[in-house]
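> next one to model:
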Amino acid sequence: MSSHAPVIWWIRRDFRLADNPALTAAVNSGAPVLPVYILDAQEAALGAAPQFRLGLGLDHFARELEKAGSRLILRRGTALAVLRDLIKETGAGAVHWSRLYDPQAIARDTDVKKQLQEQGVAAKSHGGRLLFEPWTVETKTGGMYKVFTPFWKSVRVRDVDSLLPAPGKLPAPDAWPAGEDLASWNMGAAMRRGAEVVARYCRVGEAAAQARLDEFLEDKVSAYKDRRDFPGQDATSGLSENLAWGEISPHRLWHQGRAAMEHNSQGAETFLKEVVWREFAYHLMFHSPHILTDSWRQEWQDFPWSQEVTPQVQAWRRGQTGYGFVDAAMRELYVTGKMHNRARMIVASFLTKHLMAHWKIGMDWFADTLVDWDPASNAMGWQWVAGSGPDAAPFFRVFNPSGQLDKFDPDGAYTRRWIAEGQGNPTQTALDFYAAAPLSWNLSPDMARAEAVVSLQAGRDRALTAYHESRETG
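Below you'll find the predicted structure:
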């Protein structure tokens, strides 16, 4: 390869300059670097909120690349075809990218690598999205881990790759290939009027992610273990959004979290466990990809969940179930594109148990409404609560949303933040829900609080009856 032949840095969900092995390899080649993002069918199929947040991330990252003396080339089409076109146009001799681990991405990337290498182009995939490549973590007998605690014990003592510095400047080619205009992609179209509201709650980019981490480790980590389950308190890192789009690496969270733990910061180890919980989700998705589409446990395939979007399910989606914890959480989701982790467990339990709706309905709704959507974490989280996944909470553990609210929101801060009805002077966050919600929902803060869509006792009894009957017939 000529020293003047550029290399393509195929950007996916790694919108950062620091600690980016694919970028480092491209720069270290000594050749001009062409940063390219391809909107292929897989990315174009993202739900409304993820696609919107992707657009925000691309817009921000394009400006960051310009500061580094580079630019972001946007192309749309089949990844292999787009890469071949760029290679033909620029004479590029290599393509570098960061690995993704869902089955569709693996199939696409495997084919791209094979086809480009047969064409004589160096095609190299790199880590960076995970602390440990999934195939490197095995049980003592050589299989995959199915329970988190042994997984954690296995990886917590392993070395984690050191952080890579950001390049000062990215070497630019003599001439840039043409790219598409991001505005023409209209990434927020499916959000309709909710886009403007949700955007206010997003913190986009590498610098924002680093600031979040620094703030968390300085001000919050000491109390993280004790306060993280209280959704009305600002006690978590908020970094799921940035991790989802690669605006910060898990390696940075690990190394800075380890440093905090060594300085006796209370809660730092609990934070590191949450980082590894994400790793566990990817471990499961890589080794058993059916977790994305089917009940992970075979015996749950025929469990009598309803797959119909009933009026009760619609009320759940709209934060109109009549239960404060559920409704506050579903409104938080619609306004911010995120949801507190404790709240995720409550709304998932309510849907799959009190309403006896299939976990896929909830998983798909989250895939449409989360700006921090992640295929592995979303699937594992839903199946964990539903009882059908690995190392799952047992189905007969039915969260009582009223009891959970008394325990984790005793002063009502969370419900006041997100539910306007009944408040004389509603918070702006609560009012934002009505600015984001579709007009077709016909909602108003002047409405009375919704009536309960199901009796908690009746819903629990129905769920447990179905569970016991399925065990008897299974």
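> show me where pLDDT drops low in this protein?
Applying pLDDT under 70 to the predicted model, the residue ranges of the chain that meet it are 1-3, 474.
> give the contact list for the closest residue in space to Ala413 that isn't next to it in sequence.
Residue nearest to Ala413 in three dimensions, not counting chain neighbours: Gly232, with 3.2 Å by Cβ to Cβ, 6 or more residues apart in numbering. All C-beta atoms are positioned from the backbone trio N, CA, C, and that covers glycine. Neighbouring residues of Gly232 by Cβ atoms under 8 Å, 6 or more residues apart in numbering: 408-409, 411-414, 417.
> let's see it at 10 Å
Contact partners of Gly232, counting by Cβ atoms under 10 Å, 6 or more residues apart in numbering, are 328, 340, 408-418.
> how is it assigned, secondary-structure-wise?
Each residue gets one of three states, and Gly232 gets coil by DSSP: H, G, I helix; E, B strand; the rest coil.
> and what of the one 4 residues further on?
At Thr236 the chain is in coil, as set by three-state DSSP.
> burial count for it?
The number of residues packed around Thr236, counting by other Cβ atoms under 10 Å, is 21.
> list the residues that contact it.
Under the criterion of Cβ under 10 Å, 6+ apart, the contact partners of Thr236 comprise 212, 216, 220, 224, 227-230, 271, 274, 340-342.
> let's see it at 7 Å
If a contact means Cβ atoms under 7 Å, 6 or more residues apart in numbering, then Thr236 has Arg228 as its contacts.
> distance check, it against Ala123.
Computed with Cβ to Cβ, to the nearest Å, the distance linking Thr236 and Ala123 is 39 Å.
> what's the answer for Gln314, then?
As judged by Cβ to Cβ, Gln314 and Ala123 stand 47 Å apart.
> okay if I get the contacts of Gly232 as JSON lines plus secondary structure and distance to Leu54?
What follows is the contacts of Gly232, written out as JSON lines (DSSP: H, G, I helix; E, B strand; the rest coil; distance: Cβ to Cβ, whole Å):
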{"residue": "Ala328", "secondary structure": "helix", "distance to Leu54": "27"}
{"residue": "His340", "secondary structure": "coil", "distance to Leu54": "23"}
{"residue": "Phe408", "secondary structure": "helix", "distance to Leu54": "32"}
{"residue": "Asp409", "secondary structure": "coil", "distance to Leu54": "32"}
{"residue": "Pro410", "secondary structure": "coil", "distance to Leu54": "38"}
{"residue": "Asp411", "secondary structure": "coil", "distance to Leu54": "37"}
{"residue": "Gly412", "secondary structure": "coil", "distance to Leu54": "35"}
{"residue": "Ala413", "secondary structure": "helix", "distance to Leu54": "32"}
{"residue": "Tyr414", "secondary structure": "helix", "distance to Leu54": "29"}
{"residue": "Thr415", "secondary structure": "helix", "distance to Leu54": "31"}
{"residue": "Arg416", "secondary structure": "helix", "distance to Leu54": "32"}
{"residue": "Arg417", "secondary structure": "helix", "distance to Leu54": "27"}
{"residue": "Trp418", "secondary structure": "helix", "distance to Leu54": "25"}
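> tally of neighbours for Ala31?
The burial count assigned to Ala31 is 21, neighbours taken as other Cβ under 10 Å.
> er, Asp102 I mean
By the measure other Cβ under 10 Å, the count of residues near Asp102 is 18.
> and what of Val309?
By the criterion of other Cβ under 10 Å, Val309 has 14 neighbours.
> contacts only, for it.
Remark: with contacts taken as Cβ under 7 Å, 6+ apart, Val309 is in contact with Ile361.
> neighbour-wise, which of Gln314 and Ala123 wins?
For Gln314 versus Ala123, the count of surrounding residues by other Cβ under 10 Å is larger for Ala123: 20 against 12.
> who does that one bridge with?
Going by DSSP bridges, Ala123 is paired in beta bridges with Val95.
> ok, it - contacts?
Counting by Cβ under 7 Å, 6+ apart, Ala123 has contacts 95, 112-113, 116-117.
> most neighbours, which of those?
Neighbour counts for the contacts of Ala123 peak at Val95, which has 25 neighbours (criterion: other Cβ under 10 Å).
> correct me if wrong: it contacts Pro6.
No: Val95 is not in contact with Pro6 according to Cβ atoms under 7 Å; the separation is 10.3 Å.
> looking at the contacts of Gly232, which is nearest Leu170?
Of all those, Leu170 sits closest to His340, with 37.8 Å by Cβ to Cβ.
> count of residues packed around that closest one?
His340 is flanked by 23 other residues according to other Cβ under 10 Å.
> enumerate every residue touching the residue nearest to His283 when sequence neighbours are not counted.
If you skip the residues right next to it in sequence, His283 has Pro134 as its closest partner in space, 5.0 Å away by Cβ to Cβ, 6+ apart. When contacts are counted by Cβ under 7 Å, 6+ apart, Pro134 is found next to 101, 282-283, 286-287.
> show the subsequent helix or strand relative to the strand ranked longest in the chain.
Criterion DSSP state E: the longest strand present in the chain is strand 33-39. Next in sequence after strand 33-39, counting helices and strands by DSSP states H and E, comes helix 41-44.
> quick one: list the elements packing against whichever helix or strand comes after that next one.
Beyond helix 41-44 on the C-terminal side, the first helix or strand identified by DSSP H and E is helix 48-67. The criterion is 3 or more Cβ pairs under 7 Å, 6 or more residues apart in numbering; DSSP states H and E, and the helices and strands that helix 48-67 contacts are helix 182-185, helix 194-199, helix 359-369.
> which parts of the last one are buried?
Of the residues in helix 359-369, those buried by neighbour count under the rule 16 or more other Cβ atoms under 10 Å are 359-363, 365-369.
> now, which of the residues you listed sits nearest Ala172?
After measuring the buried residues of helix 359-369 against Ala172 - Cβ to Cβ - the closest member comes out as Ala367, at 37.3 Å.
> can you list phi and psi of the closest residue in space to that closest one that isn't next to it in sequence for me?
Leaving aside its chain neighbours, Ala367 sits nearest to Gly47 (4.7 Å; criterion: Cβ to Cβ, 6+ apart). Dihedral angles of Gly47 (phi, psi; degrees, to the nearest 10) stand at phi -70, psi 170.
> what about Gly47, how many residues close to it?
18.
> check the one 5 residues further on too.
Here the number of neighbours of Phe52 (other Cβ under 10 Å) works out to 23.
> list the contacts of it.
If you count contacts by Cβ under 7 Å, 6+ apart, Phe52 has them with 187-188, 191, 195, 198.
> could those go into CSV alongside neighbour count and distance to Trp305?
Written out in CSV, the entries for the contacts of Phe52 read as follows (neighbours: other Cβ atoms under 10 Å; distance: Cβ to Cβ, whole Å):
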residue, neighbour count, distance to Trp305
Met187, 24, 33
Gly188, 20, 33
Met191, 22, 29
Ala195, 18, 32
Val198, 25, 30
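> quick one, helices of the stretch 201-350 of the chain?
Listed in chain order, the helices of the stretch 201-350 of the chain (DSSP state H, counting those that start in this stretch) span 206-215, 224-227, 240-244, 250-262, 268-287, 311-317, 324-336, 341-349.
> now Phe396: which helix or strand?
Counting by DSSP H and E, no helix or strand carries Phe396.
> surely it touches Ala463?
No: between Phe396 and Ala463 there is no contact under Cβ under 7 Å: 8.2 Å.
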